[in-house]
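How does the following fold in three dimensions:
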Amino acid sequence: MMKKLLIVFLCVPLLAFAAGEVLHLDKAPDRSRDLPALQNGAKVFINYCLNCHSASYMRYNRLQDIGLTEQQIKDNLLFTADKVGDLMTIAMRRAEAKQWFGTAPPDLTVIARARASEFGSGPDWLYTYLRGFYRDDARPTGWNNTVFANVGMPHVLWELQGEQVMGAGHKLTLARPGLMKPEEYDAMVADLVGFLAYMGEPVANFRKQLGVIVLIFLAVLFVFSYALKREYWKDIH
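A predicted model of the protein is given here:
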């Protein structure tokens, strides 16, 4: 009896997963080594996202890692009261945000890593999400999303993208153009997603470079070690 119950408990989650819809995610362009793109992503994040979402584990001066000078940060990306060494926090209180939006907007410092643990690829999810808003009059904000059903967040980039509507076959069509052409908007979103991914792990590129160096060192060490081993055992073999 216990064995049967154990099999049922193990199989139910698998059956539920199999019955669920497969979430299609568009591939996000890789911006991890494109400093101008990361700089543009930082500008978009600060101008459009930082009003409601904080990045409270990220300091403004870390933007120097993507090629900006301290003076450029001060002149272009800081609000009046902020300092270069400050964290990217917001003035809005969580209690007030919950009252206004139904839930407090999440901190975005590690959002790419959080979505990666849930959906396999954080950048792909964010890239699809930010391009997947469409008009839905049934929602309080007037917006819905293809990968986040009944999302509470309004489409803050709608003036740039325009207004999409859900058509036949669950396909989005652009009903009203925005300030950007679709390809321009997609490129801007890719820059923003690249910056969000960078915030989640600022040392990712250094870690990858260090890993390559370590592997090369081990390969060279193996050659010398093997040559030494052959020289040491040549009289025995």
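
which of the residues in the top helix by length along the chain are buried?
The residue-count maximum for a helix in the chain (DSSP state H) belongs to helix 204-233. By 16 or more other C-beta atoms under 10 Å, helix 204-233 has no buried positions at all. The way it works is simple: take the backbone N, C-alpha and C, and place the C-beta from them, glycine included.

Distance from the chain centre to it, please.
Centroid displacement of helix 204-233 relative to its chain, using C-alpha atoms, centre = their mean, to the nearest Å, is 34 Å.

and what of stretch 145-155?
Counting by C-alpha atoms, centre = their mean, stretch 145-155 comes out at 16 Å from the chain centroid.

buried stuff in it?
For stretch 145-155, the neighbour count (16+ other C-beta under 10 Å) marks Asn145, Thr146, Val147, Val151, Met153, His155 as buried.

ok, now how distant is the residue nearest to the first one when sequence neighbours are not counted from Asp136?
For Asn145, ignoring the flanking residues on the chain, the nearest one in space by C-beta to C-beta, 6 or more residues apart in numbering is Val151 at 4.5 Å. As for Val151, its distance to Asp136 is 10 Å (criterion: C-beta to C-beta, to the nearest Å).

Now the common contact residues for the two.
Here Val151 and Asp136 share the contacting residues Trp143, Asn144, scored by C-beta atoms under 8 Å, 6 or more residues apart in numbering.

Spell out the secondary structure type for Val84.
Assigned with DSSP: H, G, I helix; E, B strand; the rest coil, Val84 falls in the coil class.

now Asn144
Going by three-state DSSP: Asn144 is strand.

Assess the claim that it and Gly152 are in contact.
No: contact criterion C-beta atoms under 8 Å: Asn144 and Gly152 do not qualify, at 10.4 Å.

which element is the residue minimising distance to the centre of the chain on?
For the chain, the residue nearest the mean C-alpha position is Ala112 (3.3 Å; C-alpha atoms, centre = their mean). Using DSSP states H and E, Ala112 sits within helix 111-119.

Tell me which other helices or strands that helix touches.
helix 122-130, helix 182-200 (3 or more C-beta pairs under 8 Å, 6 or more residues apart in numbering; DSSP states H and E).

Make sure Pro154 is actually in contact with Asn144.
No: shown here, Pro154 and Asn144 do not form a contact pair, counting by C-beta under 8 Å, at 10.5 Å.

Please give the number of neighbouring residues around Gly132.
Neighbours of Gly132 under the rule other C-beta atoms under 10 Å: 18.

I misspoke; the intended subject was Cys49.
If you count neighbours by other C-beta under 10 Å, Cys49 ends up with 21.

With Leu228 as the reference, measure out to it.
Counting by C-beta to C-beta, the gap from Cys49 to Leu228 is 56 Å.

go on, Gln72?
Distance check for Gln72 against Leu228: by C-beta to C-beta, it reads 52 Å.

Any idea how far the helix holding Ala112 is from the middle of the chain?
The chain centre lies 8 Å from the centre of helix 111-119; the measure is C-alpha atoms, centre = their mean.

quick check: angle from that helix to helix 122-130?
Between helix 111-119 and helix 122-130, the angle comes out at 100 degrees (axes from the mean of the first three to the mean of the last three C-alpha atoms, to 10 degrees).

where in this protein is pLDDT low?
By pLDDT under 70, the low-scoring segments of the chain are 1-22, 80-81, 97, 99-102, 237.

If we use 50, what do you get?
Counting by pLDDT under 50, the chain shows low-confidence ranges at 2-10, 12-20.

which ones are touching the nearest residue to Ile46 once chain neighbours are set aside?
Distance criterion C-beta to C-beta, 6+ apart; nearest residue to Ile46, sequence neighbours excluded, is Leu77 at 5.2 Å. Shown in contact with Leu77 (C-beta under 8 Å, 6+ apart): Ala42, Lys43, Ile46, Tyr60, Leu63, Leu68.
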